[in-house]
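In: Have a look; sequence and predicted model below, questions after that.
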Amino acid sequence: RWWGGGVPERPSFYELCDELGLLIYQDFPLANDNFDNEPMLGLLRKEGADFFRRWRNHPCILAWNGGNEWFTPKANAIIEGIAKEEDPTRAYFHPCGTQPGETHGPYNYVAENHYRRMNAFTFQAYTEFGCAAMANLATLRGIIPAADLGLFDAAVLGQTHPATDVPGRKAVYDCEGASWRFHNRWWMLPSAGSNSYHGFSTPPSSSLFGKIEHLDQYVAASQFLSGEGLRYSIEELRRRMFHSSATFVWQFNETWPNAAGNATVDWFGRPRITHFFVTRAYEPVHASLRYDRIHWRPGDTLRAELWATSDLEEELPGMEIRWEIFDGSGKRVAQGGQRQSLAAEASARIQNIEYPIPSDGDSFLLVLCSIRDPVSGKLWSQNDYLFGAHASTPHYFSPLLKASRTSLEVSVLHAAENSAVVRVRNNGPGPALFCRLDLYSPGDVAVTYSDNAFCLPPLGQRTVRITTHSLGKRRWKPDFTRIIASAWNSPSSSAK
């Protein structure tokens, strides 16, 4: 979706979408205002046709709408009339967010009601929604002076900064004119409820994680919560195929070097953990879990449904669809699954999952699910979920802060001029959380990963393809021995 409040894209953007087969839901360039005045209506009549004439010959345009979150009947009637006259071959919809059958928001993750709300979703299209998170730590260090990074420690991590000598979040307000405000610190402040936009509250002792000691953990935690919220929304709508037929995440990339925000890729092109949760949720063949809560107490029974979704135009016969549950110590405590054919362009519930939480439970659970072709050995999908399994509330994910240390091993299996296949292995006794691969590259070279930011059980491994893409004329040969693997509970390790 091209947002009606955004900067117009270059012609090359539409040309690339034509070539790559990417479809655009195109807003008219109006947003968030009342346009019911004659000077504005006259301008629409005079110049509105130019917009449709400029882009209508691009096959990538799927449909038009009147803009973003406004509805003035006279203005909409003018735009709709022009659209139908200039391009009668495509559908025109009311401004995005006002069309019957669609909805926008929210833009935060609230663990207490997120899952029940999405499980009761009835709209046909979810055309704008998001979950905010912090920018990557490397980005923060690049845009925020070191002294001001300490102000964030004081405000959110509950420490006292010498420049203010004020404990708690007041330090953020005391530095409103400094770099945090300049880089959109608004997303880091609490919303109207007890939780902030990325699932934390102030002070940290009442957050979803409990007290977080370090900024790097805060960044990873916020990105995990953002990814969890977005991926569940996407997966639930895909499970509702075709009762719901459109999802548009707000948003893909930052248009300013923000310290926090809703984008899954930050200003410098660095993907957040959030980005990989979203890309997995959109994979063509996908294994997912449906549940109504993220935290279970000792003595409860974890209940979830295992689902499989396929966007392929042909049936997948005899797929092996499995699930496994590991506790925080790394012990596999339950498993199951079955063989089942997946119908073309369909989503199906495969199996109910039930696991009684031990009465002395005081940790977390890692649930893995996968879809594999037992004949060819092709792994179509592998997905992971984390649940709290302890008595403490609202610190649902506090056991992650105490996860046992583990170690990762990364090996280059095959390397070509601009790509490599690597294997990441968890050599420790417990689960490795949010395993992350990073390859150094200069600023004019982009790096993509077939998968990233995943969890591994003890002795578990994942194969990932890494590809570099030159954004300019310079030819740059990557050194794949410089691949770094790290995890929430593991130190960094280099490729062998």
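Out: Alright, I've got the coordinates.

In: which residues sit in contact with Ile371?
Out: Val285, His286, Ala287, Ala308, Met319, Glu320, Ile321, Leu342, Leu379, Trp380, Ser381 (Cβ atoms under 8 Å, 6 or more residues apart in numbering). Any C-beta I mention is one placed from the backbone N, CA and C, and that applies to glycine too.

In: Strands of the stretch 301-450 of the chain, start to end?
Out: Along the stretch 301-450 of the chain, the stretches classed as strands by DSSP state E, counting those that start in this stretch are 301-310, 316-327, 332-342, 346-356, 363-372, 379-389, 408-415, 419-426, 432-439, 445-449.

In: What angle do strand 346-356 and the top helix by length along the chain make with each other?
Out: Scanning the chain for the longest helix, with DSSP state H as the assignment, gives helix 215-239. Going by axes from the mean of the first three to the mean of the last three Cα atoms, to 10 degrees, helix 215-239 is angled at 130 degrees with respect to strand 346-356.

In: Once you drop chain neighbours, what's closest to Ser370?
Out: Nearest non-adjacent residue to Ser370, counting by Cβ to Cβ, 6 or more residues apart in numbering: Gln382, 4.5 Å away.

In: what stretches of the stretch 101-250 of the chain score poorly on pLDDT?
Out: Across the stretch 101-250 of the chain, the ranges flagged by pLDDT under 70 are 150-178, 185-206.

In: Spell out the residue ranges of the helices in it.
Out: 114-119, 137-143, 146-156, 170-174, 179-182, 215-239 (DSSP state H, counting those that start in this stretch).

In: I'd like to know the beta-bridge partner residues of Ala495.
Out: Beta-bridge pairing for Ala495 (DSSP bridges): Val410.

In: So it versus Thr98, what's the distance?
Out: To Thr98, Ala495 is 51 Å away according to Cβ to Cβ, to the nearest Å.

In: How about His295?
Out: 36 Å.

In: neighbour-wise, which of the two wins?
Out: Set His295 next to Thr98 and count neighbours by other Cβ atoms under 10 Å: His295 wins out with 21 against 17.

In: and that one, how far is that from Thr255?
Out: From His295 to Thr255 the distance is 35 Å (Cβ to Cβ).

In: Could you list the buried residues of stretch 292-304?
Out: For stretch 292-304, the neighbour count (16 or more other Cβ atoms under 10 Å) marks Arg293, Ile294, His295, Trp296, Leu302, Ala304 as buried.

In: Surely the last one touches Tyr291?
Out: What it means is Ala304. Yes - under the criterion of Cβ atoms under 8 Å, Ala304 makes contact with Tyr291 at 4.3 Å.

In: re earlier: what subset of the contacts of Ile371 is buried?
Out: By 16+ other Cβ under 10 Å, the contacts of Ile371 give Val285, His286, Ala287, Ala308, Met319, Glu320, Ile321, Leu342, Trp380, Ser381 as buried.

In: wait, what's in contact with the residue lying closest to Ala343 once chain neighbours are set aside?
Out: Nearest non-adjacent residue to Ala343, counting by Cβ to Cβ, 6+ apart: Glu315, 5.8 Å away. Going by Cβ under 8 Å, 6+ apart, Glu315 touches Ser341, Leu342, Ala343, Ala344.

In: From one end of stretch 247-262 to the other, what's the distance?
Out: 15 Å (Cα to Cα, to the nearest Å).

In: mind checking how far stretch 399-409 is from the chain centre?
Out: For stretch 399-409, the separation from the chain centroid amounts to 23 Å (computed by Cα atoms, centre = their mean, to the nearest Å).

In: same deal with stretch 13-24?
Out: With Cα atoms, centre = their mean, you get 23 Å for stretch 13-24.

In: please renumber so the chain begins at 491
Out: Got it, the first residue is 491 from now on, which makes the last one we talked about stretch 503-514.

In: Buried ones in that stretch, by neighbour count?
Out: For stretch 503-514, a neighbour-count test (16+ other Cβ under 10 Å) marks Tyr504, Cys507, Ile514 as buried.

In: Tyr845 contacts Glu814, correct?
Out: No - using Cβ under 8 Å, Tyr845 is not in contact with Glu814, being 10.7 Å away.

In: Check the contact lists of those two and give me the overlap.
Out: Common contact partners of Tyr845 and Glu814 (Cβ under 8 Å, 6+ apart): Ala824.

In: what about these two, which has more around it?
Out: Neighbour comparison, Tyr845 and Glu814: the larger count goes to Tyr845, with 21 against 18 (by other Cβ under 10 Å).

In: From Ile956, how far out is the more buried one?
Out: Taking Cβ to Cβ, one finds Tyr845 at 35 Å from Ile956.

In: now stretch 824-838, how far from the centre of its chain.
Out: 25 Å.

In: circling back: which one of the contacts of Glu805 is nearest to Met530?
Out: Checking the contacts of Glu805 against Met530 by Cβ to Cβ gives Ala834 as the nearest, at 47.9 Å.

In: For that closest one, the count of nearby residues, please.
Out: With other Cβ under 10 Å as criterion, Ala834 counts 11.

In: Next, the nearest residue to Gly632 once chain neighbours are set aside: phi, psi?
Out: Distances taken as Cβ to Cβ, 6+ apart put Phe758 closest to Gly632, at 7.1 Å, once the chain neighbours are dropped. Dihedral pair for Phe758: phi -90, psi 10, per degrees, to the nearest 10.

In: Quick check, Gly802 in contact with Pro774.
Out: You called it Gly, but residue 802 is Leu. Yes - using Cβ under 8 Å, Leu802 is in contact with Pro774, at 6.0 Å.

In: Of the two, which one has the most company?
Out: Each of Leu802 and Pro774 has its neighbours counted (other Cβ under 10 Å); Leu802 has more, 14 against 10.

In: got the contact list for Val865?
Out: Counted by Cβ under 8 Å, 6+ apart, Val865 has contacts Gly808.
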